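A.B. asks: Model the structure of this input:
(one chain, ligands or ions: 1)
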Amino acid sequence: MIKVLANDGISQSGIDALQSKGFEVITEKVAQENLIAHINSEKIEVLLVRSATTAREELIDSCKSLKIIGRGGVGMDNIDVSYARNKGLEVYNTPAASSASVAELVFAHLFGMVRFLYESNRQMPLEGDSNFKELKKAYARGRELAGKTLGIIGFGRIGKEVAKRAIGLGMNVLAHDKFTTEANITLNFFNGDKKTFTVETTSLENVLENSDFVTLHVPKTGDKAVIGAEEIGLMKTGAGIVNTARGGVIDEDALMFSLDKGKLAYAALDVFNNEPNPSIHLMMHNSLSLTPHIGAATEEAQDRIGAELAEKIITFFKK
Ligand code: NAD
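C.D. replies: Now for the predicted structure:
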């Protein structure tokens, strides 16, 4: 029986799919330092990880039974991918499975910000019974998203999912991508109707200068932030920004400064420099809508991830 070790967990749908084809799925987590010994003693052929477990050169060299390393999710920084492939291993990830979940989180933050939900949820337990009228006044100047312009930086899988939702809400979309010049965005409606919009991308400057809200969907490359003080300087006064991409894509200090000075009115972060120990100044900042890197963390995305990995594993062993 082929053994699959899902060391950072896998959805039930993934387990069911694999078991139905006769695979043994082990979900008991093995500590990183014991992983090589465990894979060898159990003759594990497939190692599945998310972001916690690493698969480095030493593991790849030491575990001769291993045929596949699978990453549930996108980024493969925790796997020595080319090294593994050069040694004849298959390495899979599931890049598209979580795009819709991340896109929905962007709107959770946007809607929450324009109605001060993040702030209101902090204050109501403290003062809701004693200071209701003042709180009502404090959060009275809400805004609507409809009719506003959403700037999307990085027009790949997630950027396009964000565009679909923005168009559906009646927002204008401006998109910038380093490599893509245009993309077709198809909206599927409840009654089976479809409507396709072609969105041409534009310069970063144009997006920053003309958007009411900006959302980032680029990979992290190098140490330089895509959005620093200079780029924030180009944005409209009172605009908002959302980062669900990777920590460091926005310069965190420049962001806090722009919020303190009233240049930006709203900001939301799902990802941080130095995770899992983000800056306490960010955590304590009143004007930030915060989530702990949960962009892909929906039941639906985890189901799709598990099912996609299972399908790839089953196909590989069928050959
Ligand atoms: P993708 O590769 O499909 O799209 C990225 C796009 O960015 C590409 O079209 C690329 O051409 C463009 N790009 C690259 N560098 C750029 C730059 N400097 N300026 C402008 N455009 C640039 O990736 P994706 O699946 O859409 O993921 C986007 C980001 O979201 C990644 O950083 C990924 O790590 C992150 N992500 C976060 C979560 C979460 O839990 N918050 C979950 C999944 C993915």
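
A.B. asks: Could you check the pLDDT of V74?
C.D. replies: Looking at V74, its pLDDT reads 83.

A.B. asks: Quick check: it vs the ligand, distance?
C.D. replies: 5 Å (Cβ to the nearest ligand atom, to the nearest Å). All C-beta atoms are positioned from the backbone trio N, CA, C, and that covers glycine.

A.B. asks: Name the nearest residue to that residue, sequence neighbours excluded.
C.D. replies: In space, and not counting its chain neighbours, V74 is closest to P95: 5.1 Å by Cβ to Cβ, 6 or more residues apart in numbering.

A.B. asks: Can you name the residue of this structure nearest to the ligand?
C.D. replies: G156 (1.8 Å; Cβ to the nearest ligand atom).

A.B. asks: R157 contacts A97, doesn't it?
C.D. replies: No: if you go by Cβ atoms under 8 Å, R157 and A97 don't touch, sitting 9.7 Å apart.

A.B. asks: higher neighbour count, these two?
C.D. replies: Each of R157 and A97 has its neighbours counted (other Cβ atoms under 10 Å); A97 has more, 23 against 18.

A.B. asks: Helix, strand, or coil at the more buried one?
C.D. replies: coil (DSSP: H, G, I helix; E, B strand; the rest coil).

A.B. asks: can you check the one 4 residues further on too?
C.D. replies: What three-state DSSP gives for S101 is helix.

A.B. asks: How confident was the prediction at it?
C.D. replies: 97.

A.B. asks: pretty sure the residue of the chain closest to the ligand contacts T180?
C.D. replies: Yes: with contacts counted by Cβ under 8 Å, G156 reaches T180, the gap being 7.4 Å.

A.B. asks: Could you pull out the helices in the stretch 51-200 of the chain for me?
C.D. replies: For the stretch 51-200 of the chain, the helices defined by DSSP state H, counting those that start in this stretch cover 57-62, 81-86, 99-114, 117-127, 132-138, 157-168.

A.B. asks: Mind listing what's buried along stretch 105-115?
C.D. replies: Buried residues in stretch 105-115, counted by 16 or more other Cβ atoms under 10 Å: L105, V106, F107, A108, H109, L110, G112, M113, V114, R115.

A.B. asks: Same check on stretch 70-77?
C.D. replies: G70, R71, G72, G73, V74, M76.

A.B. asks: can you check stretch 206-214 too?
C.D. replies: In stretch 206-214, counting by 16+ other Cβ under 10 Å, buried: V207, L208, N210, S211, D212, F213, V214.

A.B. asks: and that stretch, average pLDDT?
C.D. replies: For stretch 206-214, the per-residue pLDDT averages 98.

A.B. asks: outside of that stretch, which residues touch it?
C.D. replies: Contacts to stretch 206-214, defined as Cβ atoms under 8 Å, 6 or more residues apart in numbering, come from residues 110, 145, 148-153, 174-176, 227, 231, 234-236, 239-242, 266.

A.B. asks: Endpoints of it, how far apart?
C.D. replies: 12 Å (Cα to Cα, to the nearest Å).

A.B. asks: quick check, distance from it to the centre of its chain.
C.D. replies: The chain centroid and the centroid of stretch 206-214 are separated by 21 Å under Cα atoms, centre = their mean, to the nearest Å.

A.B. asks: Stretch 9-19 now?
C.D. replies: Relative to its parent chain, stretch 9-19 has a centroid offset of 22 Å by Cα atoms, centre = their mean.

A.B. asks: What's the mean pLDDT across it?
C.D. replies: Rounded mean pLDDT across stretch 9-19 is 96.

A.B. asks: Show residues contacting it.
C.D. replies: 4, 6, 25, 27, 29, 48, 50, 72, 299, 302-303, 305-307, 309-311, 313-314.

A.B. asks: what comes up buried for it?
C.D. replies: G9, I10, S11, S13, G14, I15, A17, L18.

A.B. asks: Contact residues of the stretch 1-150 of the chain facing the ligand?
C.D. replies: Counting by Cβ under 6 Å from any ligand atom, the stretch 1-150 of the chain comes close to the ligand at V74, G75, P95, S98, S99, V102.

A.B. asks: Export those residues as JSON lines, with columns for distance to P219.
C.D. replies: Below are these laid out as JSON lines (distance: Cβ to Cβ, whole Å):
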{"residue": "V74", "distance to P219": "9"}
{"residue": "G75", "distance to P219": "8"}
{"residue": "P95", "distance to P219": "11"}
{"residue": "S98", "distance to P219": "14"}
{"residue": "S99", "distance to P219": "14"}
{"residue": "V102", "distance to P219": "13"}
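
A.B. asks: ok, so of these, who is nearest D270?
C.D. replies: Nearest to D270 out of these is V102 (Cβ to Cβ; 8.1 Å).

A.B. asks: If you drop the residues flanking it in sequence, what lies closest to the closest one?
C.D. replies: G295 (4.0 Å).

A.B. asks: residues near the nearest residue to K220 once chain neighbours are set aside, how many?
C.D. replies: Closest residue to K220 apart from its sequence neighbours, by Cβ to Cβ, 6+ apart: R246 at 3.8 Å. The tally of other residues near R246 (other Cβ under 10 Å) stands at 22.
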